[in-house]
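> here is a sequence with its predicted model. Questions after.
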Amino acid sequence: MTSQMAILSRARKTLLKTLNHHNNPFKASISTFTFLSQEAQLAHPRLPPPSPTPLPPNPASGSPLYNYFLWTDLYFIYIRMLQTGKESMPDDESYELVVGMLFLTDQIDAALRYVDLTLKSGYMLSMRVFAECVRSCVNKGRLAALVSIIERCKTMDQNKALSPSWNMCIFIADIAMQEDNSKLAFYALEFMARWIARGENARGPVLLSVDEGLVVSALGTAGRTYSCTLLDASWAILRRSLRQKKAPQPESYLAKIYVDAALGNLQRAFSTLHEFETAYRNSPKEAEEDIFSPFTSLHPLVMASSKNGFETLHTVG
């Protein structure tokens, strides 16, 4: 412990000397970080002897991004210093700060490598880092990397309770469905189901509900990607959101019938159709003719049923 504190102290002093040596123009903003306290040597710097690890000159004078690159470089030095001792390895806060700086500077590959190191070291992934993962992976079209991070968190005791905010869950779901990423859409719905359960079990229950339009979109993604897992999750969270107070909208029933038919599960498709007819048997005649039309709304089921002629119909008889 003593050697680790000594290393931390030397790292901190070196960083401060480096800042003072170059009369850093971003000194005021850097001093607001919690890692550096407001000390007199920052406010009234004295030129120290040359640092063994000086910062390179600013190649893009006036660019605000240099502030971020500066801090990234400083913390790489900090990490290397920590690793000079066998018993002193970077802690979770060190990883979090480096990852945050890398994401802010759009160095996504390097950031993802440090996220990987964070998880391999057995540390908990903070919600701040996860939010940055979501933002960067979405902006860079790296949804597969985001799925991989979520899957790894689910296998770790430290991270299996990962729970993004409700609004972030909706954002992830929207992006996943736009890109027809059934795995990511499923995980978004799974996160939302946790929120619904948590709200129901709280003192003074908070009854959260998933928008039915979002569920219809999820069912569409399930149909296009042939994902039975996403189909079941979508229908389950819709049922839980409605809390048996009303039936799903016709669009939801029709979307589920379409997915069942696309997956070749005609028995489930006709079972859903029967439930649909029961729920809307008292609809006005014109509306009933429209929503139960074999030529429009139920056309996918008709086509699936006639795929192999009477043999197919026999399986659902």
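In hand now; what should we look at?

> now the phi/psi pair for P294, please.
phi -70, psi -10 (degrees, to the nearest 10).

> verify the stated contact: W235 with K256.
Yes - between W235 and K256 a contact is recorded at 6.0 Å, counting by CB atoms under 8 Å. From N, CA and C alone the C-beta is placed, and that goes for glycine too.

> what is in contact with the two at once?
Overlap of the contact sets of W235 and K256 (by CB atoms under 8 Å, 6 or more residues apart in numbering) consists of L219.

> who has more neighbours, the two?
A side-by-side neighbour count of W235 and K256, using other CB atoms under 10 Å, places K256 first with 26 against 22.

> can you list contacts of whichever strand or helix holds that one?
Element membership for K256 (DSSP states H and E) is helix 250-262. Contacts of helix 250-262 with the rest of the structure, by CB under 8 Å, 6+ apart, involve 212, 215-216, 219-220, 222-223, 226, 231, 235, 238, 266, 268-269, 272-273, 275-276, 279-280, 291, 297-298, 300-301, 303-305.

> buried residues, that helix. List them.
Judged by neighbour count using 16 or more other CB atoms under 10 Å, the buried positions of helix 250-262 are P250, S252, Y253, L254, A255, K256, I257, Y258, V259, D260, A261, A262.

> okay, the last one: pLDDT?
A262 carries a pLDDT score of 92 in this model.

> one more: the second one?
S252 is assigned a pLDDT of 96 by the prediction.

> and for R194, the neighbour number?
R194 has 15 neighbouring residues, counting by other CB under 10 Å.

> any idea which element V216 lies in?
Assessed by DSSP H and E, V216 sits inside helix 212-225.

> show the average pLDDT along that helix.
Helix 212-225 shows a mean pLDDT of 97 in the predicted model.

> so of the contacts of helix 250-262, which ones are in strands?
Using DSSP state E, no member of the contacts of helix 250-262 falls in strands.

> what subset of the residues you listed is buried?
Buried residues within the contacts of helix 250-262, counting neighbours by 16+ other CB under 10 Å: 215-216, 219-220, 222-223, 231, 235, 238, 266, 268-269, 272-273, 276, 280, 291, 297-298, 300-301, 304-305.

> for the nearest residue to I172 once chain neighbours are set aside, which residues are in contact?
If the residues on either side of it in the chain are set aside, I172 comes closest to A188, at 4.2 Å by CB to CB, 6 or more residues apart in numbering. The neighbours of A188, taking CB under 8 Å, 6+ apart as the test, are C169, I170, I172, A173, A176.

> Y95 now?
Taking CB under 8 Å, 6+ apart as the criterion, Y95 is in contact with Y114, L117, T118, S121, Y123.

> now these: which count as buried?
With burial judged by 16+ other CB under 10 Å, the buried subset of the contacts of Y95 is Y114, T118, Y123.

> and the spatially closest residue to the second one that is not a sequence neighbour, what element?
Spelled out, it's T118. With CB to CB, 6+ apart as the criterion, T118 has its nearest non-adjacent residue at 4.4 Å, and that residue is Y95. Element membership for Y95 (DSSP H and E) is helix 92-104.

> from L112, how far out is T118?
Note on T118: its distance to L112, by CB to CB, to the nearest Å, is 10 Å.

> same question, L266
Distance of L266 to L112, given as CB to CB: 43 Å.

> other residues contacting the helix or strand where A145 lies?
Taking DSSP H and E as the definition, one finds A145 inside helix 143-154. Defining contact as CB under 8 Å, 6+ apart, one finds that helix 143-154 is touched by 112, 115, 119, 125, 130, 133-134, 137-138, 159-160, 162, 175-176, 179, 181, 183-184, 187.
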